[in-house]
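Asks: here are the coordinates; sequence isn't available:
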């Protein structure tokens, strides 16, 4: 297999603008490595900055949806989109957040049929309705989520995370972005 | 038809945080109305801010792709995604930018088969490859774009705009966002 | 964009056989121009004649389905088939018949998810069931239409119009038929 | 299995208007039975008349495409649309026209992969391009047909027959039309 | 049409290993000819042996599902997969088993919409759910079959036969396997 | 998540017929555990026996395709079919056979776009052509494989393995089969 990280030039941490170097540096310190998404998007700092802001606005919250549930949306929709980078990287984070070494593979490989708890299934169904055939998204999808107990704010969160990763998956496909080797094994010991 | 603007609460200009009120206000002044996307996304100011930053980073440039070509990507991929808000709103902008009263409808209704100039066709083909079945996006798609004369920066732009509007289309479907009445007629006189 | 009207030779009004010249001439007089469909199909007068007969049998009636509802079926199924000629031309007629300047774009761009009145939604759902994946059309589709209040004659009308425009859309795709410029703006002022 | 001929009322030969009774009667005399399509469409005589006119304009000719080749288009596209009535009835006619007892089943069951002569394959490929995903029909499809030796008139015929049976297939699905028992066995002895 | 039986070398009865010659010979004696599937798979005797074992384990039983119902599953799923060999060969067997000269064509051409008895429809629906989009197969599909009166053993049979012919259809597509001429006419006289 | 191994009753090693207990026991001894597929299929010993025979005929060989390449076909097609059991279990085996800790995830998550060596890409492309839309499988697919250097025997192997796992994936979906926990981590250390 080719070992390139991206179809486009990558930027190392030290070559990022100050604010991004600091911001990505903090993540790298916590992870122990610089996730390739930042190296791949780094040659367009302005876009990377907006992407990070959008990401943090949606993913760094425990209000309503838990952080694990937010990652569940990412892994499920990235699985439906066959996005290797996002399934592998966010699958790792989902394992860490849930302490469940198997859930991420179940949802990443078959989001459509994976056996999940009622709340998780409702979250994933809502996300898939918007990820896959969004033109047919109607009040019925929203009502089903409400009946499963999701609040309107939670529904927005599921939808907005699905939307953000519709973008993120396509950026990864555009760049043929490779996941860092570390992601494949993180959190696998349960 | 229902007349609601969004499935979720909307926020008027005066109720936005200062920076967003100023920013959206400037757009409203130029357009003569507040585009509904800002009213719809406004109840999540942090997300709206990131969305606007991402949008401006990609759409407010004439470097490489012209502004009209950027709108062409938006209308084509939004047409493929059957996103009424984006086809109507960005179709209006495409008419204004090209002074062509018909191109937007051709590309918005049938991006797959619309008869276009060679460069426009290459841009739209690249965008659709990433918009519709992005898992199958390969070097062949990138090579075809290069052969049609697109630079790597232009290819990135087409891909990144496609990605951003994959998100935007889904936000519009999530909220059942209605286009402002003004968009339907803007630029139709050629 | 190429400006040709059709991939195949077109025929002008004066070169049509007498009966067709008279018939199309009457339409042209009312519209102010000769719709391109007649110029495109005109080099096969016998086919054009049958097409017109079929069209008139289904579209020139207010019995059961209103004329506006008949156009709604055309615009919705032509939108699902991404047929630019039919969406633009019949979208114009739908605007004229409904005095609604927006409905045609909603239904033409996203027939699957457009927010419609109950009766309109039932009509469009029935039409789409037959237009898109007709092999799976079953009694359930017919029963749903009946439950929404459609009579059997109305159901036939929706189905037959959908069928006719399955043909018409394909003729337009075969010929790459361009809509007349006039259609793009008709009825937009509400 | 239910034995009804149609979901809607059927009309017997004697109850058709004079011109249609004569016309359908002539077909019945030749076939030895009244094909169910005429009984099914008969309660809308005006539509049946236009349908017959359209059919005859396209199918009763040996100019360019042979009659057998015209039936080949019908069986292939009806197979792609899973239309039982048209595959069975026109499969029978194709067997009669070609004296080939197997071709109709090959093309009706798998039009996409059936092994055919070069000219037949080109005809079927063109027909399928328009039948299945007509929005993506482009000059490339027409050029491929030309390269395989089809004239522009033959290309029109293939396209127009495909269009007519896009309608016919949907009428059969709308009515759940059953093929007459005779069609299943006609021409099977080679 | 090409007359080859397979894309790969075929093996005649006399050239099969003893056990297979005896086994296939017995089938040939009963049928009056050697079904081409055995000639086509014969050059891989070990695979043919396993295939036959699997086939016999599932198809030669009247326990729960009748033999005719087992063939119904084969014809329906092979129709959905457009597999000419299996639709023609097992369509013949289905005609023989049911004494119904039409059912096989109805189910082979349009398994999705064919009008069937309640039990047959439930069997076919279950089979199609697993044949076509198996990732979305869930407890709902199993529950619907149970509600229609299928026992768990019958559900397994439908599923396992669907699975086996998912393989068989692909072997036929891999080899472009032609049905024997005899199959086309067997059981057509009712 | 539900912890059941299968939707249907499972059979433990000691309850299998002698020949199967011995055969599965040998596998269990080598793996350190009884793979769930054997527990799930075990309540139909005759089917399990045929399945094992078919599996061994195709997978236990280094003649032509290497054992790793055979597993590559399994993981790619199981990924396209979203089959969690097969992607996880055979992904583990692929890691063991290749000593590559990442290849299985690349191919299992996105078989369509994964960056592979030329030979691997040709193998996967051939497999996907037959796995996903097998009706359209033609000589072109076989010719492309030959041009990439695959022998006819290798082409058969790729096709036959794809066919077998079309069945296997559906058995796993039918039973909602869970992978053993051990598979998730096997071979991940490279």
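Replies: Sure thing, it's come through. A quick note: this is a predicted structure, and the numbers were derived from the prediction, not measured.

Asks: if I look at residue A:74, how far off is residue A:65?
Replies: As judged by C-beta to C-beta, to the nearest Å, residue A:74 and residue A:65 stand 11 Å apart. To be clear about C-beta, it is placed using only N, CA and C from the backbone, and glycine gets the same treatment.

Asks: Compare the two (neighbour count), which wins?
Replies: The residue with more neighbours, out of residue A:74 and residue A:65, is residue A:74; 30 against 25, by other C-beta atoms under 10 Å in any protein chain shown.

Asks: now the spatially closest residue to that one that is not a sequence neighbour: how far from chain B?
Replies: Residue nearest to residue A:74 in three dimensions, not counting chain neighbours: residue A:90, with 4.3 Å by C-beta to C-beta, 6 or more residues apart in numbering or on different chains. Separation of residue A:90 from chain B (C-beta to the nearest C-beta, to the nearest Å): 16 Å.

Asks: List the contacts of residue A:90.
Replies: Shown in contact with residue A:90 (C-beta atoms under 8 Å, 6 or more residues apart in numbering or on different chains): A:71, A:74, A:75, A:78, A:104.

Asks: Could you list which of those belong to strands?
Replies: Members of those lying in strands (criterion: DSSP state E): none.

Asks: Looking at the residues you listed, which one is closest to residue A:113?
Replies: residue A:75 (14.6 Å; C-beta to C-beta).

Asks: one step back: I'd like the contacts of residue A:90 as a markdown table, with pLDDT and distance to residue B:165 appended.
Replies: Shown next, in a markdown table, are those (pLDDT from 0 to 100; distance: C-beta to C-beta, whole Å):
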| residue | pLDDT | distance to residue B:165 |
| --- | --- | --- |
| A:71 | 98 | 24 |
| A:74 | 98 | 19 |
| A:75 | 98 | 23 |
| A:78 | 98 | 18 |
| A:104 | 98 | 28 |
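
Asks: from these, which is closest to residue E:144?
Replies: residue A:75 (28.7 Å).

Asks: which residues touch the spatially most central residue of chain A?
Replies: Geometric centre of chain A, nearest residue: residue A:74, 3.6 Å, by C-alpha atoms, centre = their mean. If you count contacts by C-beta under 8 Å, 6+ apart, residue A:74 has them with A:59, A:86, A:90, A:94, A:161, A:165.

Asks: Extract the residue ranges of chain A that are flagged as low pLDDT.
Replies: Scanning chain A for pLDDT under 70 picks out the ranges A:1-2, A:190.

Asks: which helices and strands sit right next to the longest helix along it?
Replies: Using DSSP state H to define each element, chain A has its longest helix at helix A:152-175. Applying 3 or more C-beta pairs under 8 Å, 6 or more residues apart in numbering or on different chains; DSSP states H and E, one finds that helix A:152-175 contacts helix A:36-41, helix A:45-59, helix A:67-80, helix A:84-98, helix A:118-132, helix A:139-147, helix B:118-132, helix B:152-175.

Asks: ok, now with 7 Å
Replies: Under the contact definition 3 or more C-beta pairs under 7 Å, 6 or more residues apart in numbering or on different chains; DSSP states H and E, helix A:152-175 sits against helix A:45-59, helix A:67-80, helix A:84-98, helix A:118-132, helix B:118-132, helix B:152-175.

Asks: Check which residues of the first one are buried.
Replies: This means helix A:45-59. A:45, A:47-55, A:57-59 (16 or more other C-beta atoms under 10 Å in any protein chain shown).

Asks: same question, the last one
Replies: Taking 16+ other C-beta under 10 Å as the basis for neighbour counts, the residues of helix B:152-175 that come out buried are B:154-175.

Asks: just checking, next helix/strand downstream of it?
Replies: Sequence-wise, the next helix or strand beyond helix B:152-175 is helix B:181-185, with elements assigned using DSSP states H and E.

Asks: quick revisit: and the residue nearest to residue A:74, how far is that from residue A:76?
Replies: 10 Å.

Asks: Equivalent analysis for residue A:157, please.
Replies: 14 Å.

Asks: looking at it, residue A:156 is touching residue B:8, isn't it?
Replies: Yes: the pair residue A:156 / residue B:8 is scored as a contact, 6.2 Å apart, by C-beta atoms under 7 Å.

Asks: Return the residues in contact with the residue of chain A found nearest chain E.
Replies: Closest residue of chain A to chain E, C-beta to the nearest C-beta: residue A:112 (4.5 Å). By C-beta atoms under 7 Å, 6 or more residues apart in numbering or on different chains, residue A:112 lies in contact with A:128, E:135, E:136, F:82.

Asks: Report the secondary structure state of it.
Replies: Following DSSP: H, G, I helix; E, B strand; the rest coil, residue A:112 is assigned to coil.

Asks: Give me the phi and psi angles of residue A:148.
Replies: phi -80, psi 0 (degrees, to the nearest 10).

Asks: Can you tell me the closest non-neighbouring residue to it?
Replies: residue A:122 (3.3 Å).

Asks: wait, isn't that neighbour in contact with residue A:151?
Replies: No: Residue A:122 is beyond contact range of residue A:151, at 11.8 Å (criterion: C-beta under 7 Å).

Asks: more neighbours, those two?
Replies: residue A:122 (21 against 12).

Asks: And the more buried one, how close does it get to residue A:113?
Replies: In terms of C-beta to C-beta, residue A:122 sits 15 Å off from residue A:113.

Asks: before we move on, what about residue A:42?
Replies: 37 Å.

Asks: Neighbour count for these two, which is higher?
Replies: residue A:42 (24 against 21).

Asks: residues in contact with that one?
Replies: A:10, A:11, A:16, A:48.

Asks: okay if I get the residues you listed as JSON lines plus distance to chain C and secondary structure?
Replies: Formatted as JSON lines, these follow (distance: C-beta to the nearest C-beta, whole Å; DSSP: H, G, I helix; E, B strand; the rest coil):
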{"residue": "A:10", "distance to chain C": "38", "secondary structure": "coil"}
{"residue": "A:11", "distance to chain C": "39", "secondary structure": "coil"}
{"residue": "A:16", "distance to chain C": "40", "secondary structure": "coil"}
{"residue": "A:48", "distance to chain C": "32", "secondary structure": "helix"}
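
Asks: For chain D, tell me which of these show up nearby.
Replies: Among those, no residue lies close to chain D (C-beta under 7 Å from any C-beta of the partner chain).

Asks: residues touching the nearest residue in space to residue A:185 that is not next to it in sequence, list them.
Replies: Closest residue to residue A:185 apart from its sequence neighbours, by C-beta to C-beta, 6+ apart: residue F:188 at 5.1 Å. Applying C-beta under 7 Å, 6+ apart, we find residue F:188 in contact with A:184, A:185, A:188, F:95, F:101.

Asks: For PyMOL, write a command that selects the buried ones of those.
Replies: In PyMOL, this line selects whichever of those come out buried by 16+ other C-beta under 10 Å:
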select buried, (chain A and resi 184+188) or (chain F and resi 95)
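
Asks: give the contact list for residue A:142.
Replies: Residue A:142 touches A:155, B:7, counting by C-beta under 7 Å, 6+ apart.

Asks: Check the gap between the closest residue to residue A:14 other than its chain neighbours and residue D:78 for me.
Replies: Distance criterion C-beta to C-beta, 6+ apart; nearest residue to residue A:14, sequence neighbours excluded, is residue A:21 at 6.9 Å. Distance, residue A:21 to residue D:78, by C-beta to C-beta: 63 Å.

Asks: Who has more neighbours out of these two?
Replies: Comparing residue A:21 with residue D:78 by other C-beta under 10 Å, the one with more neighbours is residue D:78, at 29 against 19.

Asks: so how far is chain A from the more buried one?
Replies: Distance, residue D:78 to chain A, by C-beta to the nearest C-beta: 27 Å.

Asks: My guess is that residue contacts residue D:171. True?
Replies: No: contact criterion C-beta under 7 Å: residue D:78 and residue D:171 do not qualify, at 11.7 Å.

Asks: Let me see the contact set for the closest residue to residue A:53 other than its chain neighbours.
Replies: Nearest residue to residue A:53, sequence neighbours excluded (C-beta to C-beta, 6+ apart): residue B:50, at 3.8 Å. By C-beta under 7 Å, 6+ apart, residue B:50 lies in contact with A:50, A:53, A:54, A:57.
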